[in-house]
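# compute the structure for the input listed below.
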Amino acid sequence: MTFLFIHVPSGIAALATALLIAASRLLAGAHYVHDVAAGMAISVLCGVLFLFIL
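The predicted structure follows:
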């Protein structure tokens, strides 16, 4: 999330990679939907907090 605000092309690439990994985890059956959603929520929260710390 922070990458998206600091350097947009890198942020878009990181976001796309994270979404592809999340989708692959769901399709492979390695995680449940709520596991992936909780991980995304925690990641966004950490990114926003880090942005304010910078």
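
# what sits against residue 5?
Neighbouring residues of residue 5 by CB atoms under 8 Å, 6 or more residues apart in numbering: 11, 51. From N, CA and C alone the C-beta is placed, and that goes for glycine too.

# against residue 19, how distant is it?
From residue 5 over to residue 19 the distance is 18 Å, taken as CB to CB, to the nearest Å.

# helix or strand: which one has residue 42?
Assessed by DSSP states H and E, residue 42 sits inside helix 33-53.

# next, the buried residues of that helix.
Buried residues in helix 33-53, defined by neighbour count with 16 or more other CB atoms under 10 Å: 36, 47.

# that one packs against which elements?
With contacts defined as 3 or more CB pairs under 8 Å, 6 or more residues apart in numbering; DSSP states H and E, helix 33-53 has these neighbours: helix 2-6, helix 8-28.

# what's the burial count for residue 28?
Residues lying near residue 28 (other CB atoms under 10 Å) number 8.

# now it: how far from residue 22?
11 Å.

# remind me which residues of this protein are low pLDDT?
Flagging of the chain using pLDDT under 70 yields the residue ranges 1-4.

# how does it look with 80?
Scanning the chain for pLDDT under 80 picks out the ranges 1-6, 51, 54.

# re the thing from before, point out the most buried one among the helices and strands packed on helix 33-53.
Neighbour counts (mean count of other CB atoms under 10 Å) averaged over each of the helices and strands packed on helix 33-53 peak at helix 2-6, with a mean of 14.

# so which of the helices and strands packed on helix 33-53 is nearest residue 41?
Closest to residue 41 of the helices and strands packed on helix 33-53, according to CB to CB: helix 8-28, at 11.8 Å.
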